[in-house]
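Trainee: Give me a model of this one.
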Amino acid sequence: MTRTLLSLLAAGLFSTSALAQTSAQLSVTEPWVRATVPHAKSAGAFMQLQSATNARLVGVSTPAAGRAEIHEMAMENNTMRMRAVDGIDLPAGKPVNLASGGYHLMFFDLKRQLKEGETVPVTLVVQDAAKKRSSVTVEAQVKPLTYVAPAMQGHGHGQHQGH
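Mentor: Here you go, the predicted model:
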């Protein structure tokens, strides 16, 4: 009985793992989070996403924070403003950068200081054209406060191409 149960559990884990990878069809490059000073309550996370099919990033979470949101920085009336958005389009085969000055992820109510050299798990929720959701978890490297990401290939910012 125990052997049968273990076999079923193992089969379930393998099929769940394969399903998550194939249903998301999402490639994540260079995920990183900016280190924080002691007692900071928020941090930004950045990466490049590329979906094999038309999809939409619709959610984000991390155990490092009480709340995580998808954000956009944009010029409004000559002022740079940051605001939460409900999602980011991921056109098939096109890289979408989550970077300073455009789309990015924000973590609020941090549970502890994020220190250079650590990694932080970040779960991305992606919705395909059929409205089916899947999630992918990546380990984001915590980079120094002064870190500046090298220019990423493709430079896509979802719907905006403003440079």
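Trainee: okay, CA-based contacts and neighbour counts for the rest of this
Mentor: Fine.
Trainee: Between the two ends of stretch 115-135, how far is it?
Mentor: 26 Å (Cα to Cα, to the nearest Å).
Trainee: List the buried residues for that stretch?
Mentor: Buried positions in stretch 115-135, judged by neighbour count with 16 or more other Cα atoms under 10 Å: 115, 119-120, 122-128, 133-135.
Trainee: in which helix or strand would I find the residue nearest the centre of the chain?
Mentor: Centroid-nearest residue in the chain, with Cα atoms, centre = their mean: residue 124, separated by 4.9 Å. Using DSSP states H and E, residue 124 sits in strand 119-128.
Trainee: Next SSE downstream of that strand?
Mentor: Following strand 119-128 in sequence order, the next helix or strand is strand 133-143 (DSSP H and E).
Trainee: other SSEs contacting that following strand?
Mentor: In this structure, strand 133-143 packs against helix 2-24, strand 26-34, strand 119-128, with contacts taken as 3 or more Cα pairs under 8 Å, 6 or more residues apart in numbering; DSSP states H and E.
Trainee: Residues touching that strand, excluding its own?
Mentor: 20-21, 23-24, 26, 28, 30-35, 45, 114-127 (Cα atoms under 8 Å, 6 or more residues apart in numbering).
Trainee: Tell me the strands beside the strand holding residue 124, with direction?
Mentor: Strand 119-128 pairs in its sheet with strand 55-61 (antiparallel), strand 133-143 (antiparallel), by DSSP bridges.
Trainee: So, low pLDDT: which residues of this structure?
Mentor: Counting by pLDDT under 70, the low-confidence segments of the chain come to 1-24, 151-163.
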